[in-house]
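[1] missing the sequence, but the structure's below:
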């Protein structure tokens, strides 16, 4: 429990800091390890990229237990706090409660849930962006906060009002309602290719709890703009998976065409690097300690 408290507290401090923090997406154990190696203070466990890595669409085709299985691997391979993309909570308030119980057991720092209907549709698609009633979503937030097993676990409420086309007034009404329901932060999402909607929201928001953004479509925004707007956390939500697809396609096509595995060194990591990612040295050290003792006493 102490470790869990520390990871959740670390996330809470990032959110409450006057500096802007950045999180990078991961979708399995090795990508989470790479995020940690790069020095990010937070791993974003993305629903889109976890689903895609398993060959499924981002519309709750995989079950919440399938999803949590991947989270467990990510937690096991890293010490960096992990923030979970909890979609719409995988159902109603009771599904949210079951999710929070599992995430707290897995030593996860926090969860982000969004206010669309279940099953969710990815925000960057142009259809089925239907919002749940405010009262229903507030119930999910309250259920999550009542269920968490440590006081520092963070519940981030994500409003999709801009995504659904309902505009600024709806986004603000929802954000304030979610704050009153107990959310630790608000994620306001936009799919415009400029930061215009986020700027508008920030101009009218009282900044009483932290703000989180996902600038997938407006990623060219200068970083100092985030601080000026009072943003606490910026999430790079899908970049490692997208980069890996490019790399895998390139290598697969090359080997299929040439029937040879003559790949430039800068296109492949060494096998030794692969072993380092899975901490092979620790096993060798443990074998010297425990197998030697076993042989002497057997």
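    Received the coordinates, thanks. Treat the numbers as computed from the prediction; the structure is a model and nothing was measured.

[2] for the top helix by length along the chain, what is the average pLDDT?
    Criterion DSSP state H: the longest helix present in the chain is helix 239-258. Confidence over helix 239-258 (mean pLDDT, whole number) is 93.

[3] Ok, stretch 127-139 next?
    Mean per-residue pLDDT for stretch 127-139: 97.

[4] What distance separates the opening and closing residues of it?
    Distance across stretch 127-139, first residue to last, is 25 Å (C-alpha to C-alpha, to the nearest Å).

[5] Identify all contacting residues around it.
    Here stretch 127-139 makes contact (C-beta atoms under 8 Å, 6 or more residues apart in numbering) with 88, 92-93, 113, 115-117, 121, 123, 157, 160-161, 163-166, 170, 173-174, 177-178, 180-181. C-beta here means a position set from N, CA and C on the backbone, and glycine is covered the same way.

[6] Which ones among these map onto strands?
    Mapping the contacts of stretch 127-139 onto strands (DSSP state E) picks out 113, 157.

[7] from the contacts of stretch 127-139, which ones fall inside helices?
    Per DSSP H, those map to helices at 93, 161, 163-164, 170, 173-174, 177-178, 180-181.

[8] Could you export those as TSV, including pLDDT, distance to residue 199 and neighbour count?
    Shown next, in TSV, are the ones in helices among the contacts of stretch 127-139 (pLDDT from 0 to 100; distance: C-beta to C-beta, whole Å; neighbours: other C-beta atoms under 10 Å):
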residue	pLDDT	distance to residue 199	neighbour count
93	98	33	18
161	98	15	24
163	97	16	25
164	97	19	18
170	98	17	17
173	98	19	14
174	98	18	24
177	98	22	18
178	98	20	26
180	98	24	12
181	98	25	20
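
[9] Please identify which of these is nearest to residue 249.
    Of all the ones in helices among the contacts of stretch 127-139, residue 249 sits closest to residue 163, with 29.1 Å by C-beta to C-beta.

[10] so how far is residue 239 from that closest one?
    According to C-beta to C-beta, to the nearest Å, residue 163 stands 20 Å off from residue 239.

[11] likewise residue 36?
    Counting by C-beta to C-beta - residue 36 and residue 239 are separated by 15 Å.

[12] And residue 273, by the same measure?
    Noted for residue 273: a distance of 20 Å to residue 239, by C-beta to C-beta.

[13] Between the two, point out the one with more neighbours.
    More crowded of residue 273 and residue 239, by other C-beta atoms under 10 Å: residue 239, with 14 against 9.

[14] Look at residue 292 and report its pLDDT.
    Looking at residue 292, the pLDDT reads 67.

[15] One more: residue 266?
    78.

[16] how deep is it tucked in, by neighbour count?
    Applying other C-beta under 10 Å, we find 6 residues neighbouring residue 266.
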